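>>> coords please:
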Amino acid sequence: VAFKDYRAGQNMFACDWAGLRFFQEFFQNATDAVNVIRNTLVINIASLAINLVSAMAFAIFLNELRSRRLKKLVQSVSIFPFFVSWVITYSFCRVFFNANSGLFNAILRNLGLVNKGLNILGDSQYAYPLIIGANLWKSLGYNSVIFLATIAGIDLEQYEAADMDGATRWQKILYITVPCLAGTLAVLLVLNSGWIFNSNFEQFYQFSNATNIDHTDVFDVYVYRYGLKNGRLSYATAVGVFKSLISLLMLFIANRAHKRLTGESVF
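Numbers count the residues shown, from 1 in each chain. You can find the predicted model right below:
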């Protein structure tokens, strides 16, 4: 479809051959290409780094809690957002960040920090922090489970030896827990690198609007808009193929870099 001048309902094999015309069109329209690539990379790379590092820190925090009951409570509360749909998540954001009646803006006005509510959901300058923060809220508890499993597999004799040497809690975290989690973090970075150009369509479809689209227009929304709404199936497919090829290339590059740095590869 990406290499044919295809229209819905036509026989694909009878359509005219387009070659690389639709691939070239995406880059010839510089504004679209730059915005889509920039937004996708900035949001996904920042989300990946922040989510995994925060999940590792949160897992260490949970592991250090002395009360098992409190630990289970905090872990249950933190993992709950992962099972909430993006439609409900956006509803929560409207309750908290609505410019006129949102709880967040009400607090700022009561404290005298602002005279007029911040348009967090509509102003493009808040689009990146809003989406990255929503990603962190939804994924923190789920991602921490992976690191908690790694912590559970650490040999307790290492901590016992550190206790005998007089190590403090922070020293045990710094010299035992963190190095043992570094390998898991590296593997997750490699595996997720292939998703750098992929975004959660449901999330961006909910959070995008006419006033912030220049900062929320990512590949998945762009393909949907041109393919299903505008009916340009060949052009949208070409953009999707380009995205998939670059994602695959990123995965191999990350795996290669991991192998050169550690001597081991994920695949």
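>>> how close does the residue of the chain positioned farthest from its centre get to Phe267?
Ranked by distance from the centre of the chain (Cα atoms, centre = their mean), the top residue is Met164, with 41.7 Å. Here the criterion is Cβ to Cβ, to the nearest Å. By it, Met164 lies 40 Å from Phe267. Every residue, glycine included, has its C-beta placed from N, CA and C.
>>> Same check on Ser199?
24 Å.
>>> And for Glu157?
In terms of Cβ to Cβ, Glu157 sits 32 Å off from Phe267.
>>> Just confirm Val190 is within a helix.
Yes - using DSSP: H, G, I helix; E, B strand; the rest coil, the assignment for Val190 is a helix.
>>> Let me see the contact set for it.
Val190 makes contact with 251, 254-255, 258, 266, according to Cβ atoms under 8 Å, 6 or more residues apart in numbering.
>>> Would you mark the buried spots in the helix or strand where Ile50 lies?
Ile50 belongs to helix 30-64 when elements are defined using DSSP states H and E. Using 16 or more other Cβ atoms under 10 Å as the test for burial, helix 30-64 gives 32-33, 35-37, 39-40, 43-44, 46-48, 50-52, 55-60, 62-63.
>>> So for Ser199 and Phe267, which residue has more residues nearby?
Set Ser199 next to Phe267 and count neighbours by other Cβ atoms under 10 Å: Ser199 wins out with 24 against 8.
>>> measure the residue farthest from the centre of the chain to Pro179 for me?
Met164 is 19 Å from Pro179, by Cβ to Cβ.
>>> now do Tyr224
Taken as Cβ to Cβ, the span from Tyr224 to Pro179 is 43 Å.
>>> Which one's more surrounded, those two?
Between Tyr224 and Pro179, counted using other Cβ under 10 Å, the more crowded position is Tyr224 (16 against 11).
>>> between the contacts of Val190, which is closest to Leu73?
Distance to Leu73 across these (Cβ to Cβ) is lowest for Val266, with 34.5 Å.
>>> list the contacts for the closest one?
187, 190-191, 255, 258 are the contacts of Val266 under Cβ under 8 Å, 6+ apart.
>>> What separation is there between it and Ser247?
15 Å.
>>> Also Arg94?
In terms of Cβ to Cβ, Arg94 sits 32 Å off from Ser247.
>>> Could you check which of those two is surrounded by more residues?
Set side by side, Arg94 and Ser247 show more neighbours around Ser247, with 16 against 13, by other Cβ under 10 Å.
>>> Name the SS class of the nearest residue to the more buried one once chain neighbours are set aside, please.
Nearest non-adjacent residue to Ser247, counting by Cβ to Cβ, 6 or more residues apart in numbering: Phe197, 4.7 Å away. Under three-state DSSP, Phe197 falls in the coil class.
>>> I figured Phe197 hits Thr40, correct?
Yes - taking contacts as Cβ atoms under 8 Å, Phe197 lies within contact range of Thr40: 5.6 Å.
>>> about what we covered before: pLDDT at the residue nearest to Ser247, what is it?
The model reports Phe197 with a pLDDT of 88.
>>> just Ala30 next, same as before
The model's pLDDT for Ala30 equals 61.
>>> what kind of secondary structure is Gln171 in?
helix.
>>> show me what contacts it?
Per Cβ under 8 Å, 6+ apart, neighbours of Gln171: Ala162.
>>> Now do stretch 119-129: distance to the chain's middle.
With Cα atoms, centre = their mean, to the nearest Å as the basis, stretch 119-129 stands 17 Å off its chain's centre.
>>> Looking at the contacts of Val190, which two lie furthest apart in space?
Leu251 and His258 (10.7 Å).
>>> most centrally placed residue in this structure?
Of the residues in the chain (compared using Cα atoms, centre = their mean), Ser47 is nearest the centre, at 4.1 Å.
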